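[1] fold the following, please.
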Amino acid sequence: MNILLVTRNFPPLLGGMERLNQYLLQELEREYDAYLVGPKGANTHVAHPERVIACPSTPVSVFLIHAAVKAVRSARRYRPCLIIAGSGVNALPAWLAAKASGTPWVVYLHGLDLVVDNILYQQIFLPIIRRADAWLVNSHATARLAIAAGLTANRLSILHPGVAIPETLPSNDDVRAWRKQHSFGNRPLLLSVGRLTKRKGLREFVLHALPTILVTHPKALLVVVGEEPHAALTSATIGINALRKAAYQTGTQESLKILGNLSDEELGLAYRAASVLVFPVLDIPNDVEGFGMVAIEAAAHGLPTVAFAVGGVPDAIGNGCSGCLIPPGDYPGMAKKSN
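    Got it, this is the predicted structure:
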């Protein structure tokens with residue numbers, strides 16, 4: 001039996017949804033012959049590269065045009081028992097493929113793809129999403145947004161993202177070598193991982209929490225892993241310069257280190273080297289955090305997360321177990337628990 005996954009959100013593109021769809025494909029391959037209509041370069045990130053039908057990844061409109069044609073052809077050729085759109089923006093090619101082949105189809109929704117403030121998306125993509133036979137959502141918060149957007153509750157299922165537990169963790173020697181490579185010495189590390197969007201709240205953390213933390217731990221260092229997003233649904237980025245400016249405003253510039261994107265191996269070392277992952281997400285109505293996959297990735301490496309209880313984040317953190325949930329906007333509380 002075949003399954004067809006249609007998604008631009010897949011490596012080599014970076015982000016939580018991209019990693020989630022990669023894991024989804026891996027799990028599907030345990031039971032099915034799973035085919036992927038995805039971005040160029042995806043064949044190097046799968047177990048069966050011969051089952052990848054690649055499309056240009058940028059701009060998004062070009063991907064969707066190519067994906068629509070190739071998804072229709074693939075659905076007719078492979079006759080899948082199910083077609084999955086990996087996110088809301090991929091619903092168009094998945095829907096066309098489903099119509100062309102008479103195949104049931106579902107959409108995996110992540111929060112932002114229900115409420116994004118884009119007229120074209122709201123007028124074209126949301127009506128197509130509503131036509132799906134069923135929907136998967138990544139959290140209880142996203143489920144509420146889906147119902148508010150007109151999706152039928154009894155055809156909607158919550159499927160929390162998961163991650164692979166590392167078979168082995170980096171050794172202490174490897175962690176020390178990584179610290180030495182970046183001149184971190186023995187400084188306590190606060191880690192932030194994710195794309196530099198306004199929603200992640202990192203600028204506000206630097207302005208309102210980091211100075212308080214440094215009073216108690218003057219050698220603490222905020223290590224930022226991630227870059228500005230490219231061709232995302234929302235353009236609300238903070239920018240590296242804005243982050244550095246916030247650090248200069250608070251006199252914390254010597255306690256901020258921006259590493260950009262890291263390989264999976266280096267990210268594993270960062271998780272093991274850090275004392276805590278900070279996830280100070282902002283509560284923005286049209287730019288929601290649907291889950292918080294980075295928190296479970298950190299937990300898989302033994303690193304606790306301190307986060308604001310915003311959007312779907314509470315679904316990703318076991319409060320008092322894998323981390324600590326703080327009321328939204330409580331920066332003194334965030335600083336206290338991050339110490």
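[2] what is the neighbour count of the residue lying closest to P11 once chain neighbours are set aside?
    Computed as CB to CB, 6 or more residues apart in numbering, the closest residue to P11 that is not its neighbour in sequence is H45, at 4.1 Å. Yep, even glycine has a C-beta here, placed from its N, CA and C like the rest. Applying other CB atoms under 10 Å, we find 20 residues neighbouring H45.
[3] which residues does H45 contact?
    Contact analysis of H45 by CB atoms under 8 Å, 6 or more residues apart in numbering lists F10, P11, P12, Q22.
[4] just those: which are in helices?
    Those of these mapping onto helices are Q22, per DSSP state H.
[5] turn the contacts of H45 into CSV, columns for neighbour count, distance to L96 and pLDDT.
    As requested, these are exported to CSV (neighbours: other CB atoms under 10 Å; distance: CB to CB, whole Å; pLDDT from 0 to 100):
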residue, neighbour count, distance to L96, pLDDT
F10, 30, 19, 96
P11, 18, 24, 95
P12, 14, 25, 94
Q22, 19, 24, 95
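[6] how about the contacts of H45, which pair is most distant?
    Across those, the longest distance by CB to CB is 10.3 Å; it joins P12 and Q22.
[7] now do the same for the spatially closest residue to K219 that is not a sequence neighbour: its pLDDT.
    The shortest distance from K219 to any non-neighbouring residue, by CB to CB, 6+ apart, is to R187 (4.8 Å). Reported pLDDT at R187 in the predicted model: 96.
[8] repeat for T234
    pLDDT for T234: 53.
[9] strands of the protein, start to end?
    For the chain, the strands defined by DSSP state E occupy 2-6, 33-39, 52-55, 82-85, 105-109, 134-137, 156-158, 189-193, 221-225, 256-260, 276-279, 305-308, 323-326.
[10] mind checking which of those strands is nearest R76?
    Evaluated with CB to CB, those place strand 2-6 nearest to R76, the distance being 10.6 Å.
[11] returning to that earlier point: of the strands of the chain, which is nearest P170?
    Nearest of these (CB to CB): strand 189-193, 13.9 Å.
[12] each with direction, which strands does that closest one pair with?
    Strand 189-193 pairs in its sheet with strand 221-225 (parallel), strand 276-279 (parallel), by DSSP bridges.
[13] any chance of the ones you listed in CSV, plus distance to L96, mean pLDDT and mean neighbour count?
    Converted to CSV, the strands paired with strand 189-193 look like this (distance: least, CB to CB, whole Å; pLDDT from 0 to 100; neighbours: other CB atoms under 10 Å):
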stretch, distance to L96, mean pLDDT, mean neighbour count
strand 221-225, 37, 97, 22
strand 276-279, 37, 98, 26
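[14] now distance to V60 too, for those, in a markdown table please.
    Output for those, formatted as a markdown table (distance: least, CB to CB, whole Å):
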| stretch | distance to V60 |
| --- | --- |
| strand 221-225 | 25 |
| strand 276-279 | 27 |
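[15] and for N186, the neighbour number?
    Neighbour count of N186, defined by other CB under 10 Å: 8.
[16] quick check: closest non-adjacent residue to it.
    Leaving out its chain neighbours, the residue that sits closest to N186 by CB to CB, 6+ apart is R179, at 7.6 Å.
[17] model confidence for that neighbour, exactly?
    Looking at R179, its pLDDT stands at 96.
[18] how much space between it and G162?
    29 Å (CB to CB, to the nearest Å).
[19] give me the pLDDT value at L14.
    Residue-level confidence at L14 comes out at 84, pLDDT.
[20] swap in P127?
    On pLDDT, P127 comes in at 95.
[21] what's the neighbour count on it?
    Neighbour tally, P127, other CB under 10 Å: 11.
[22] now N154
    Neighbours of N154 using other CB under 10 Å come to 6.
[23] repeat for N319
    Look at N319: counted by other CB under 10 Å, it has 12 neighbours.
[24] now swap in A149 and tell me
    A149 has 16 neighbouring residues, counting by other CB under 10 Å.
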